[in-house]
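Visitor: pasting the sequence and the predicted coordinates here, then a few questions.
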Amino acid sequence: MRIVEVEAYIGTDDLASHARVGRTHRNEVMFGPPGMAYVYLVYGMYHCLNVVTEPSGRAAAVLIRAAEPVAGLDAMRAARAGHAPRRRARGELVAPAIAAVRLASGPGVLCAALSIDRTATGIDLLDPDSLLRLELPREPLAEARIGASPRIGIGYAPEPWRSQPWRLFDRASASVSGPAARRG
DNA sequence: GCAAGGATATCG
DNA sequence: GATATCCTTGCA
């Protein structure tokens, strides 16, 4: 997977972050060492994957919102089919094939495609032996390709947090989440 | 435009 | 112990 969209959540002062309520059982890993996975359940049915980014004691993480598949498309489609709550509720056995660029074009579906749930919390994403891991690109993305916008789904946060342009994405990628307008 | 869905933070 | 709320998604 090539990550193409992320959001930053920085510190207990960030009133859009789960860390805003202080250290709890759910967000505890955010207060620990960087490089760890933080996965939570949202809206009762989707998981969101975050990477802890700051040293112990400072609670910060980057939410992985979307990625472009590079391999394993069939496995991802199978995983997506198994995590389709609505279709399953309606008793539909066959789901239409999902286009490759849409397989992980959102934080919830990304976790579904990779079969990530809360049990992945605490995985060391920098350990080459981990089942789930982060790798650096051979070359950084050209700056002109990086778009920025306010973060999604945090309307509950007061200013200035609501408007901080802490959602970053690859303008050239068709796998960025949301309508075309949101992709810069 | 909105329902589905369950954990969780907060309040009693 | 109850309940309002939520870093989403896909269909009406």
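Guide: All right, it came through fine. What you see is a predicted model, and the numbers here were worked out from it, not measured in a lab.

Visitor: who in chain A is up against DNA strand C?
Guide: A:7, A:9, A:16-19, A:42-46, A:48, A:50, A:61, A:63, A:86-87, A:106-110, A:151-154, A:156, A:177 (Cβ under 7 Å from any atom of the strand). No exception for glycine: its C-beta is placed from N, CA and C like everyone else's.

Visitor: now list the buried members of these.
Guide: Listed as buried from the residues of chain A next to DNA strand C are A:7, A:9, A:16-19, A:46, A:48, A:50, A:61, A:63, A:106-110, A:151-152, A:154, A:177; burial here means 16 or more other Cβ atoms under 10 Å.

Visitor: among the residues you listed, which lie within helices?
Guide: Those of those mapping onto helices are A:P107, A:G108, A:V109, A:L110, per DSSP state H.

Visitor: the residue nearest the centre of chain A: what's it in contact with?
Guide: Centroid-nearest residue in chain A, with Cα atoms, centre = their mean: A:I64, separated by 2.4 Å. Contacts for A:I64 (Cβ atoms under 8 Å, 6 or more residues apart in numbering) come out as A:I3, A:E5, A:V6, A:C48, A:L49, A:N50, A:V51, A:P107, A:L110.

Visitor: what helix or strand does A:V39 sit in?
Guide: If you go by DSSP states H and E, A:V39 is part of strand A:37-42.

Visitor: how about the residues of chain A that lie near DNA strand B?
Guide: Going by Cβ under 7 Å from any atom of the strand, the residues of chain A near DNA strand B are A:18, A:21, A:24-27, A:40-45, A:85-86, A:89, A:118.

Visitor: quick check, nearest of these to DNA strand C?
Guide: A:H18 (3.3 Å; Cβ to the nearest atom of the strand).

Visitor: I figured the closest one hits A:M30, correct?
Guide: Yes. Here A:H18 reaches A:M30: they are 6.8 Å apart, a contact under Cβ atoms under 8 Å.

Visitor: what's the mean pLDDT across stretch A:6-13?
Guide: Looking at stretch A:6-13 alone, the average pLDDT works out to 98.

Visitor: how far is that stretch from where the chain is centred?
Guide: Taking Cα atoms, centre = their mean, to the nearest Å, one finds the center of stretch A:6-13 at 13 Å from the center of the full chain.
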